[in-house]
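A.B. asks: What shape does this take:
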Amino acid sequence: MFPREQRLHSSKDILYVFRRGERRTYGMISCTFLPKPGTLGAVTVIVDTKVARNAVTRNLCKRRIRASLRERGLPQGMLIVRLLKGAAELSSTELIGQLDQCLRRLQSSR
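C.D. replies: Down below sits the predicted model:
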């Protein structure tokens, strides 16, 4: 889990990032990023019930994504990582690989 100041909590902030941020999709992961230079990075991971009906599986996917982001460090700004339908069937390495590709696409577009 990230510290409180590095998490997006309010629906107002999440909607703001969805509307103003830049979105890239790779495989079964969609990342939306809104840069804010000079601030700590903030992140939220969204796994819908369409991805996995079982809450245990949804939480496992979230933990894998968060652990990967913690290792790499967060960019300065607000990041939303959303898993798409079918992502629960991916192995851990496939999921992290798709996350890396998605984040690379976001960095290359800036």
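A.B. asks: and the most far-flung residue of the chain relative to its centre, helix, strand or coil?
C.D. replies: With distances taken as CA atoms, centre = their mean, the residue sitting farthest from the centre of the chain turns out to be Gly38, at 20.4 Å. Assigned by DSSP: H, G, I helix; E, B strand; the rest coil, the conformation of Gly38 is coil.
A.B. asks: which non-adjacent residue is nearest it?
C.D. replies: Sequence neighbours aside, Gln76 is the residue nearest to Gly38 in space, at 6.8 Å (criterion: CB to CB, 6 or more residues apart in numbering). C-beta coordinates here come from the backbone N, C-alpha and C atoms, glycine included.
A.B. asks: give me every residue that touches the one you found.
C.D. replies: For Gln76, the contacting residues are 35-41, by CB atoms under 8 Å, 6 or more residues apart in numbering.
A.B. asks: Which strand residues bridge the most centrally placed residue in the chain?
C.D. replies: Residue closest to the average C-alpha location in the chain (CA atoms, centre = their mean): Val81, at 1.8 Å. Note on Val81: beta-bridge partners by DSSP bridges are Cys31, Val45.
A.B. asks: Would you agree it is in contact with Thr44?
C.D. replies: Yes - at 7.4 Å, Val81 and Thr44 qualify as touching, with contact defined as CB atoms under 8 Å.
A.B. asks: Isn't Cys61 up against Val47?
C.D. replies: Yes - with contact defined as CB under 8 Å, Cys61 reaches Val47; the gap is 5.1 Å.
A.B. asks: which neighbours do those two share?
C.D. replies: Residues touching both Cys61 and Val47 (CB under 8 Å, 6+ apart): 83, 87-88.
A.B. asks: Adding distance to Met28, pLDDT and neighbour count, write the residues you listed out as TSV.
C.D. replies: Shown next, in TSV, are the shared contacts of Cys61 and Val47 (distance: CB to CB, whole Å; pLDDT from 0 to 100; neighbours: other CB atoms under 10 Å):
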residue	distance to Met28	pLDDT	neighbour count
Leu83	6	96	27
Ala87	4	93	23
Ala88	9	92	18
